[in-house]
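[1] Got a sequence here, can you model it:
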Amino acid sequence: MKLLIQQPNRSLNKAYLKEKVSRNDIETFKANLKILLSKIDKAESEEHHKYPVSDFLKDAWYKENFEINTKGRTDFVIHNCIRLIG
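    Prediction:
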């Protein structure tokens, strides 16, 4: 597979360019991306990599309000979680 590198303004939907992102969110994303990239092993299968990708998604964005799990035969589904505080 050959990667085609594009600038964000050419590859993203224009609506996303209007989103405000904090510096803290960017730093969290970068730190978690480095961890994910360090876990990639080209000799391993896709099945092996789904758990590091799931951890990346949880740690970078979804840990607090969402759950990443399967649904039927789909590996990664991001579910809304309503947390009740008692």
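[2] for this structure, what spans make up the helices?
    Taking DSSP state H as the test, the helices found in the chain are 8-11, 23-38, 46-57.
[3] Format the ones you listed as a markdown table; extra columns: mean pLDDT, mean neighbour count and distance to Ile68.
    Bear in mind the C-beta positions are built from the backbone N, C-alpha and C, glycine included. Shown next, in a markdown table, are those (pLDDT from 0 to 100; neighbours: other C-beta atoms under 10 Å; distance: least, C-beta to C-beta, whole Å):
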| stretch | mean pLDDT | mean neighbour count | distance to Ile68 |
| --- | --- | --- | --- |
| helix 8-11 | 79 | 8 | 24 |
| helix 23-38 | 93 | 12 | 14 |
| helix 46-57 | 86 | 14 | 5 |
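[4] so which of those helices comes closest to Cys81?
    Checking those against Cys81 by C-beta to C-beta gives helix 46-57 as the closest, at 13.8 Å.
[5] Just the angle for the closest one relative to helix 23-38, thanks.
    160 degrees (axes from the mean of the first three to the mean of the last three C-alpha atoms, to 10 degrees).
[6] I would like the residues contacting helix 46-57, please.
    Applying C-beta atoms under 8 Å, 6 or more residues apart in numbering, the contact partners of helix 46-57 are 32-33, 35-36, 39-41, 68, 75-76, 78.
[7] Convert the C-alpha atoms of it to PDB, please.
    Presented in PDB, the C-alpha positions along helix 46-57 are these (Å, rounded to 0.1, in the frame of the first residue of the first chain):
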ATOM      1  CA  GLU A  46      -4.700  -7.000  11.300                       C
ATOM      2  CA  GLU A  47      -6.200  -9.000  14.100                       C
ATOM      3  CA  HIS A  48      -3.200  -8.300  16.300                       C
ATOM      4  CA  HIS A  49      -3.300  -4.600  15.700                       C
ATOM      5  CA  LYS A  50      -7.000  -4.000  16.500                       C
ATOM      6  CA  TYR A  51      -6.300  -3.800  20.300                       C
ATOM      7  CA  PRO A  52      -3.600  -1.200  20.100                       C
ATOM      8  CA  VAL A  53      -5.900   0.800  17.800                       C
ATOM      9  CA  SER A  54      -8.800   0.500  20.200                       C
ATOM     10  CA  ASP A  55      -6.500   1.600  23.100                       C
ATOM     11  CA  PHE A  56      -5.400   4.600  21.000                       C
ATOM     12  CA  LEU A  57      -9.000   5.700  20.300                       C
END
